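Undergrad: what's the 3D shape of this:
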Amino acid sequence: VKEIIDDSGTFPVGEWLREFCRGMIERGYNKKIQLDCNMRFNSGLTQDDYNLMAKAGFRFLLYGLESANQKTLDRLNKNLKVEQISRGAEMAKQAGLWPHVTAMVGYPWETKNNAAKTLDLAKELFKKGRIDSLQATVIIPYPGTPLFTEAKKNGWLKTLDWDNYDMKQPVLKTEMTDEEVTGLVRGIYNSIWSPEFIFRKLKEGLTNWDSFKYYSRMGLKF
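TA: Residues are numbered from 1 along each chain as shown. Predicted coordinates for the structure are as follows:
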């Protein structure tokens, strides 16, 4: 076993996290395996906490960015401010960790200009070297969630055929066309291609054998 990912909603923080990290270091496990987990930008972690996580063997941190619009974050009850996103990613990156963010487009209340802010933020985070990777998807309101209830009440649902609820196409009515929504998803993925990001990855790949093997494998897949 070389790497373990904890895919629960978010990894515990506070003193529990610090004790866990110290335990990994004291037992020498940090030299044998790497750890990945989900984290939140508003978790209250300090730079010292991120540094300790890196020393304890953490590598990949997945953050739910979801949207760069404060109105959307508030409606999703994220308890998150847009400005916390960049700062949180910056601290993780400074510690030597690999921040990964997820973003969604196709919210019924967002215009194309609103959704473009998420694309712009992704580009900025890549350009400034604050994230290493991302995942972009079309938002899907699954039954039993508050969003599904709200969508059904407001007549936002295009279909109740569950075969279409696979993130390949929008199932919510918005001010945008389906092509515009899926185009924004592609645009967020394409935000990776900045000269600054590519240069950093080439430098990492040429100076670290493990990074070289990883980037070569991912490059071929891409």
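
Undergrad: Toward the C-terminus, what is the element adjacent to the helix or strand bottoming out on mean pLDDT in the chain?
TA: Between all helices and strands in the chain, the lowest mean by mean pLDDT, DSSP states H and E belongs to helix 195-207, at a mean of 77. Of the helices and strands lying after helix 195-207 in sequence (DSSP states H and E), the nearest is helix 209-221.

Undergrad: on that earlier part again, the least confident helix or strand of the chain vs helix 209-221, what angle?
TA: Inter-element angle recorded for helix 195-207 and helix 209-221: 130 degrees (by axes from the mean of the first three to the mean of the last three CA atoms, to 10 degrees).

Undergrad: and helix 195-207, what does it pack onto?
TA: Contact partners of helix 195-207 among helices and strands, from 3 or more CB pairs under 8 Å, 6 or more residues apart in numbering; DSSP states H and E: helix 112-127, helix 209-221. To be clear about C-beta, it is placed using only N, CA and C from the backbone, and glycine gets the same treatment.

Undergrad: Take these and write them to TSV, including mean neighbour count.
TA: Compiled in TSV, the helices and strands packed on helix 195-207 are given as follows (neighbours: other CB atoms under 10 Å):
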stretch	mean neighbour count
helix 112-127	19
helix 209-221	11
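
Undergrad: closest one to Asp48 among those?
TA: Closest approach to Asp48 among the helices and strands packed on helix 195-207 is made by helix 112-127 (22.6 Å; CB to CB).

Undergrad: report the angle between the axes of the closest one and helix 195-207?
TA: 30 degrees.

Undergrad: Any idea how many residues pack against Val101?
TA: Neighbouring residues of Val101 were enumerated by other CB atoms under 10 Å; the total is 26.

Undergrad: packing partners for the strand or helix carrying it?
TA: Taking DSSP H and E as the definition, Val101 sits inside strand 98-105. For strand 98-105, the contact count by 3+ CB pairs under 8 Å, 6+ apart identifies strand 58-66, helix 82-94, helix 112-127, strand 133-138, helix 178-190 as packing neighbours.

Undergrad: what separates that strand from the chain centre, distance-wise?
TA: Relative to the mean C-alpha coordinate of its chain, strand 98-105 is positioned 2 Å out (CA atoms, centre = their mean, to the nearest Å).

Undergrad: With stretch 30-50 instead?
TA: Here stretch 30-50 is found 14 Å from its chain centre; the criterion is CA atoms, centre = their mean.
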